[in-house]
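No letters, just coordinates:
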C-alpha cells in the first residue's frame with residue numbers, strides 16, 4: 001500500500017488530472033475532425049480514452065473515489081471489458097491488500113470511543129483482525145457476559161478522506177457527462193455522498209442491523225446477528241460462523257447453490273416489505289450459509305430506507321415488460337426519470353439491456369449462469385453514442401436499488417442457481433400482479449432502538 005497516494009495534495013492532483021486529460025483529448029479530436037476523420041469515430045475514441053483515464057485514476061485511489069468507482073460499475077455494460085476488467089482487478093487488489101491497523105492504533109480508537117476502561121467490556125479481545133474493508137476492520141472478541149462478538153473498528157481519518165474525495169469528484173460533472181450523456185451525474189454524486197456519510201456512522205448502522213435482527217429473530221430462513229453495543233466508530237455485534245457464500249460459489253453442491261440463491265433473492269425482496277429497508281451491499285462476503293440451513297447476513301452500513309417497500313411502479317413496469325408492451329415501459333421510465341427529456345432510446349436495445357433483470361420473473365423456474373449473463377449483455381457492451389446504457393439516467397431514489405439488482409444478478413450467475421425466483425417477486429413486489437392495488441401493499445415494519453446499548457448488559 002506504500003505506493004498508493006495518501007497525502008491530500010497527491011489525491012487532489014490525481015483527481016484534477018481527469019478534466020485536464022479530457023480537455024486534451026477533446027482538442028486532439030477537434031484537430032482530427034478538421035483533418036477529415038468522421039465525427040462519430042472521433043467521439044468514440046475520445047469517450048473510450050476518457051473512460052480509460054477515469055477508471056485508471058479512480059482505481060489508484062481509496063476513499064470516496066474508489067466508492068464512486070464501485071457505484072459507477074453499475075454502468076459497466078456500457079464499457080468494453082478491456083477497460084473495466086483491469087479496473088475491477090485494481091479495486092479487488094486494493095481491498096484485499098488493505099493493511100491492518102497496528103494494535104496500538106486499535107487500542108487508541110477503542111479508548112476514544114468506549115473509554116479508557118474499554119477492556120472491562122471484554123473477557124478477551126484479539127488484536128489481529130479477522131477481516132478488513134475500505135473503511136474499517138473486524139476483530140473477534142468475547143463480551144463481558146460471555147457472548148462471542150465481532151468488533152468493527154473504523155479507520156481513523158476514513159471519513160475525512162471519503163468526503164474529501166467526493167468534494168473533488170462533484171466538480172467533474174461535465175467529464176462524466178461526456179461518458180454517460182443521459183445521466184444526471186451531479187444528482188447521483190449528491191446521493192452517493194449522502195449514502196457514504198451514512199456508512200461512516202456506525203450508530204446508524206447499528207440501528208439498521210438491530211431492526212433486521214428483531215424482524216428476523218427465529219425466522220425459518222434468515223439469521224441476523226444482533227447488536228451488542230455501538231458508538232460512532234465502533235460497532236460490537238454477535239459473532240456469526242457459517243460458510244461464506246463465496247465458498248458455496250466455488251465448491252458448493254448444486255443443491256447448496258440453489259438453496260443459497262433462492263434465500264438470497266428472498267431476503268433482498270422481502271426486506272423492504274418486512275423491515276422497511278433494503279440491504280444495499282449484496283456481495284458474497286456479506287452472506288453465510290449456516291449449519292441449520294439458514295442464510296446469515298452481515299454488514300448493514302449501506303441500506304436503502306424504503307418505509308413503503310418496493311415502489312409500486314417497479315412491479316407494474318416489470319409486468320408490462322413481460323407482456324411485451326415496450327412503448328408503455330418507455331413512457332413509464334420517462335415518467336420515473338430514467339429517460340431524461342430530449343433523450344430517445346431504441347426499444348430493442350432497451351429490451352436487451354433490461355432482460356437480465358426481468359427475464360427471470362417471466363417463467364416459473366429460472367437458471368442463472370455466467371454464459372446467460374454474457375449473452376444478455378453482448379449487445380450493449382460498446383461505446384457507440386447510441387448505446388442505450390449511456391442514454392439512461394439513474395434517478396437518485398433508484399441508485400441503491402439498481403446497485404443491489406445489478407450486483408444480485410451477478411451473484412446469482414456465479415452461483416449458477418436454479419429456483420422459482422418469480423414466486424418471490426409475486427409475493428413481495430407490489431404491482432407485479434394485476435390484482436395489486438396501492439392499498440394492499442405489505443406494511444413495512446420499521447423497528448427503532450432506544451439508545452447505544454443493545455441486548456443484555
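Cool, got the structure. This structure is a prediction, so every number in the text was calculated from the model and none was measured. Residues are numbered from 1 along each chain as shown.

what about the strands in this protein?
122-125, 131-132, 136-143, 148-154, 222-223, 227-230, 234-238, 243-244, 277-279, 287-289, 295-297, 303-305, 366-367, 418-419 (DSSP state E).

Turn these into CSV, columns for mean pLDDT, mean neighbour count and distance to residue 212.
From N, CA and C alone the C-beta is placed, and that goes for glycine too. Putting the strands of the chain into CSV (pLDDT from 0 to 100; neighbours: other Cβ atoms under 10 Å; distance: least, Cβ to Cβ, whole Å) gives the following:
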stretch, mean pLDDT, mean neighbour count, distance to residue 212
strand 122-125, 97, 16, 24
strand 131-132, 80, 16, 19
strand 136-143, 94, 20, 18
strand 148-154, 95, 22, 15
strand 222-223, 98, 20, 9
strand 227-230, 94, 25, 10
strand 234-238, 95, 25, 11
strand 243-244, 94, 16, 19
strand 277-279, 96, 24, 7
strand 287-289, 96, 23, 13
strand 295-297, 98, 23, 7
strand 303-305, 93, 20, 9
strand 366-367, 96, 17, 27
strand 418-419, 96, 20, 23
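
Could you save the ones you listed as TSV and add columns showing distance to residue 256?
Below are the strands of the chain laid out as TSV (distance: least, Cβ to Cβ, whole Å):
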stretch	distance to residue 256
strand 122-125	33
strand 131-132	23
strand 136-143	25
strand 148-154	24
strand 222-223	16
strand 227-230	29
strand 234-238	24
strand 243-244	8
strand 277-279	21
strand 287-289	7
strand 295-297	11
strand 303-305	27
strand 366-367	15
strand 418-419	12
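
Quick one, which of those strands gets closest to residue 111.
Shortest distance between residue 111 and these, using Cβ to Cβ, is found for strand 234-238: 10.4 Å.

Tell me which of the strands of the chain lies nearest to residue 408.
Comparing the strands of the chain under Cβ to Cβ, the one sitting nearest is strand 277-279, at 10.0 Å.

how about residue 267, what does it touch?
Applying Cβ atoms under 8 Å, 6 or more residues apart in numbering, we find residue 267 in contact with 221, 222, 279, 295, 297.

Would you mind measuring from residue 288 to residue 120?
As judged by Cβ to Cβ, to the nearest Å, residue 288 and residue 120 stand 30 Å apart.

swap that for residue 242, please
Residue 242 is 30 Å from residue 120, by Cβ to Cβ.

More neighbours: which of the two?
Looking at residue 242 and residue 120 with other Cβ atoms under 10 Å, you find the greater number of neighbours at residue 242, namely 17 against 10.

you'd agree the more buried one is up against residue 289?
Yes - look at residue 242 against residue 289 with Cβ atoms under 8 Å: they come within range, at 5.9 Å.

Common neighbours of the two, please.
residue 296.

can you map out the helices along the stretch 351-457 of the chain?
370-377, 388-391, 399-415, 421-428 (DSSP state H, counting those that start in this stretch).

who wins for proximity to residue 205 among those?
Taking Cβ to Cβ, helix 399-415 is the member of these nearest to residue 205, at 14.7 Å.

Report all helices and strands that that closest one contacts.
The contact analysis (3 or more Cβ pairs under 8 Å, 6 or more residues apart in numbering; DSSP states H and E) places helix 399-415 against helix 185-199, helix 245-251, helix 254-274, strand 277-279, strand 303-305, helix 347-358, helix 370-377.

Relative to residue 217, which of those is closest?
Nearest of these (Cβ to Cβ): helix 254-274, 11.8 Å.

angle of that closest one against helix 399-415?
Relative orientation of helix 254-274 and helix 399-415, computed by axes from the mean of the first three to the mean of the last three Cα atoms, to 10 degrees: 170 degrees.

Which residues does stretch 406-422 contact?
The contact list for stretch 406-422 (Cβ under 8 Å, 6+ apart) reads 73-74, 245, 248-249, 252, 254, 257-258, 260-262, 264-265, 268, 282-284, 356-357, 360-370, 372-373.

ok, 6 Å please
74, 249, 257-258, 261-262, 265, 268, 282, 284, 356, 360-361, 365-370, 373 (Cβ atoms under 6 Å, 6 or more residues apart in numbering).

Which of those residues are buried? Put it as a PyMOL command.
Applying 16 or more other Cβ atoms under 10 Å to these leaves a buried subset, and the PyMOL line that selects it is:
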select buried, resi 74+249+257+258+261+262+265+268+282+284+356+360+361+366+367+368+373
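
Need the per-residue pLDDT for the nearest residue in space to residue 372 that is not next to it in sequence.
Of all residues not flanking residue 372 in the chain, residue 413 sits nearest, at 6.8 Å (Cβ to Cβ, 6 or more residues apart in numbering). pLDDT, residue 413: 90.

and if you look at residue 365?
Looking at residue 365, its pLDDT reads 97.

show me the contacts for it.
Residue 365 neighbours (Cβ under 6 Å, 6+ apart): residue 420.

on that earlier part again, please tabulate the contacts of residue 267 in TSV, including the columns distance to residue 324.
Shown next, in TSV, are the contacts of residue 267 (distance: Cβ to Cβ, whole Å):
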residue	distance to residue 324
221	34
222	35
279	32
295	34
297	36
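
which one among those residues gets closest to residue 340?
Closest to residue 340, out of all of the contacts of residue 267 and judged by Cβ to Cβ, is residue 279, at 29.1 Å.

Bridged to that closest one, which residues?
residue 303 (DSSP bridges).

do the same with the one 10 residues further on
Taking DSSP bridges, one finds residue 243, residue 295 as the beta-bridge partners of residue 289.

Deepest in the core, which of the helices and strands packed on helix 399-415 is it.
Stretch with highest mean neighbour count among these: strand 277-279 (a mean of 24; mean count of other Cβ atoms under 10 Å).

Mind splitting the protein into its structural domains?
8-97+159-198, 241-451 (automatic domain parsing).

Next, count neighbours for residue 217.
What residue 217 shows, counting by other Cβ under 10 Å, is a neighbour count of 11.

what's the distance between it and residue 293?
Taking Cβ to Cβ, one finds residue 217 at 17 Å from residue 293.

what's residue 308 sitting at in phi/psi?
Per-residue torsions, residue 308: phi -100, psi 10 (degrees, to the nearest 10).

Any idea how many residues pack against it?
Residue 308 has 15 nearby residues by other Cβ under 10 Å.

Do you know the pLDDT at it?
Note on residue 308: pLDDT of 92.

And residue 421, by the same measure?
Looking at residue 421, its pLDDT stands at 95.

How about the one 5 residues further on?
According to the per-residue confidence, residue 426 scores 95 in pLDDT.

do residue 15 as well
Taking residue 15 on its own, its pLDDT is 42.

same question, the one 4 residues further on
On the pLDDT scale, residue 19 is placed at 43.

repeat for the one 3 residues further on
Looking at residue 22, its pLDDT reads 39.

repeat for residue 448
Taking residue 448 on its own, its pLDDT is 29.

and if you look at residue 444?
In this model, residue 444 carries a pLDDT of 29.

now swap in residue 97 and tell me
At residue 97, pLDDT is 44.

circling back: which one of the helices and strands packed on helix 399-415 lies closest to residue 333?
Set against residue 333 and scored by Cβ to Cβ, the helices and strands packed on helix 399-415 come closest in helix 347-358, at 8.0 Å.
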